[in-house]
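Novice: need a structure here:
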Amino acid sequence: MNALVQTCDWAPRPGYRATESEFASRKARVASSVWRNPQFRREIVPDPTPGAHDVVVSVRRCGVCGSDTHCYETDEQGYILFSGPASFPCVLGHEDAGEVVAVGAAVRDLRPGMLVCGEGMLYCGTCEACRRGLPNQCARLEMTGFSAPGAYADALAVHERHLWSLDALAGTLGSSDAALDRGALVEPIGCAYNGMFVAGGGFRPGAYVVVYGCGPIGLGAILLARLAGAALIIAFDVVPERVAVAKACGADVALDLRDVPSPSELVRELTRGWGADVQVEAAGAARATMPEIEQAFAPGGLMVYLGRTGGYAPVELDRLVSSGARIAGSRGHAGGGCFPSILRLMERGRLDPTPMITHRAPLHDALAALARSTSRVDGKILLST
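Specialist: Now for the predicted structure:
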């Protein structure tokens, strides 16, 4: 089958202490500190075959994620920007939806012809973190498109526990194509859901919500905040096109940060001095956003950190003490009812994420789509077959 394969040079940065496990597996804990000089090429790779519990999915849709962009981009030393775990060579792509074409002998609930969307966090299910209900912190976690074969390909094989049926959604919408479009968006929306309602613990209707960064995960946070009954949603970005998409997704106020001298003062003004009950950092720019977030906390406020940079950001801890605020870190979208809850909302017509799709391209043009994604003008780039 045809696939877009990324390769990089293994070159740990000076001062980075790679573990014996990293050297043996060539799976870096912090990819941006190890993998250098990315290269991409289309290859013919073996067709996936299912193990006993595996399902082979013909890829029909795949979104371009900001993490994919960070695997494409480099710093001045040539290191990729993605700071999560990764091993190369690898087929990128993890926001996938498609059709089941083959199943293993022990697969129980899926069959050829069904439409599905896939989780990208491939948790083991047996380590202590998984058994405690923390699958995104799995000790043996693999990630589709980073350390396991991804969806910028004709097909992929994945354990059935990581797949969710789209057949009910297709029936409700009366369109397989419409269901597949939405199915590919469940993963990024799931990251926002996990951060806000699972890791972050949720919020009461009537909350003031502020979102920094209006890429797909930030847009997902806006959509979910509106559904959860936020009284006011304020969104910031530095790309005018994304500011416009944030408004289309339900933000009451969406502004270019470059036009706002003090975001925290504006938040306090718009909330009549109360501040933000929930703040979502989805920009991956905490060094710049954290000083404003600290000053905008409402009493008992929550910050959910979803952006990923691999860097450090100063935090004035006394502000957390004085305001009784807290910071919740969140990774991934597995467990916590994220996928089934989002699919239910879509099936009932309460959640329509399609306004975030601002560009479409054929799946075989994934490399050009990655190049386009570096401009950061799109909400979501969706690849299709």
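
Novice: contacts, neighbours, all on C-alpha from now
Specialist: OK.

Novice: could I get the phi/psi values of Gly133?
Specialist: Torsion angles at Gly133 (phi, psi; degrees, to the nearest 10) stand at phi 90, psi 20.

Novice: now it: how far from Leu302?
Specialist: Plainly put, Gly133 is 22 Å away from Leu302 if you go by C-alpha to C-alpha, to the nearest Å.

Novice: give me the more crowded residue out of these two.
Specialist: Neighbour count, other C-alpha atoms under 10 Å: between Gly133 and Leu302, Leu302 has more, with 26 against 14.

Novice: next SSE downstream of whichever strand or helix holds the more buried one?
Specialist: Leu302 is located in strand 297-305, with elements delineated by DSSP states H and E. Remark: after strand 297-305, the chain's next helix or strand is helix 317-323, criterion DSSP H and E.

Novice: so which residues make contact with that next one?
Specialist: For helix 317-323, contacts defined as C-alpha atoms under 8 Å, 6 or more residues apart in numbering pick out 294-295, 297-301, 325-326.

Novice: what packs against the very next helix or strand once past that helix?
Specialist: Remark: after helix 317-323, the chain's next helix or strand is strand 326-329, criterion DSSP H and E. Using 3 or more C-alpha pairs under 8 Å, 6 or more residues apart in numbering; DSSP states H and E as the contact test, the elements touching strand 326-329 are strand 297-305.

Novice: OK, contacts around the closest residue to Pro38 other than its chain neighbours?
Specialist: Spatial nearest neighbour of Pro38, excluding adjacent residues (C-alpha to C-alpha, 6 or more residues apart in numbering): Cys8 at 4.5 Å. Neighbouring residues of Cys8 by C-alpha under 8 Å, 6+ apart: 35-39, 88-89.

Novice: let me know the closest of the residues you listed to Ala248.
Specialist: Closest to Ala248 out of these is Pro38 (35.1 Å), distances taken as C-alpha to C-alpha.

Novice: the closest one: how many residues sit nearby?
Specialist: With other C-alpha under 10 Å as criterion, Pro38 counts 18.

Novice: got it, and Glu241?
Specialist: Applying other C-alpha under 10 Å, I find that Glu241 has 16 neighbouring residues.

Novice: please apply the same query to Pro205.
Specialist: Counted with other C-alpha under 10 Å, the neighbours of Pro205 add up to 13.

Novice: tell me the pLDDT of it.
Specialist: At Pro205, the model reports a pLDDT of 98.

Novice: would you agree it falls within a helix?
Specialist: No - applying DSSP: H, G, I helix; E, B strand; the rest coil, one finds Pro205 to be coil, outside a helix.

Novice: wait, it sits on Ala230?
Specialist: Yes - judged on C-alpha atoms under 8 Å, Pro205 makes contact with Ala230 at a distance of 5.4 Å.

Novice: leaving out chain neighbours, which residue sits closest to Ala151?
Specialist: That would be Gly93: by C-alpha to C-alpha, 6+ apart, it lies 4.6 Å from Ala151.

Novice: number of nearby residues for the one you found?
Specialist: By other C-alpha under 10 Å, the residues close to Gly93 number 24.

Novice: what about it, distance to Met303?
Specialist: Where Met303 is concerned, Gly93 sits at a distance of 28 Å (C-alpha to C-alpha).

Novice: the strands in the stretch 101-250 of the chain, which residues?
Specialist: Applying DSSP state E, counting those that start in this stretch to the stretch 101-250 of the chain gives strands spanning 115-118, 121-122, 142-143, 155-159, 163-165, 208-212, 232-237.

Novice: circling back to that earlier point, between the contacts of Cys8, which has the most around it?
Specialist: Counting neighbours by other C-alpha under 10 Å, Trp35 leads the contacts of Cys8 with 29 neighbours.

Novice: with that, I have no additional questions.
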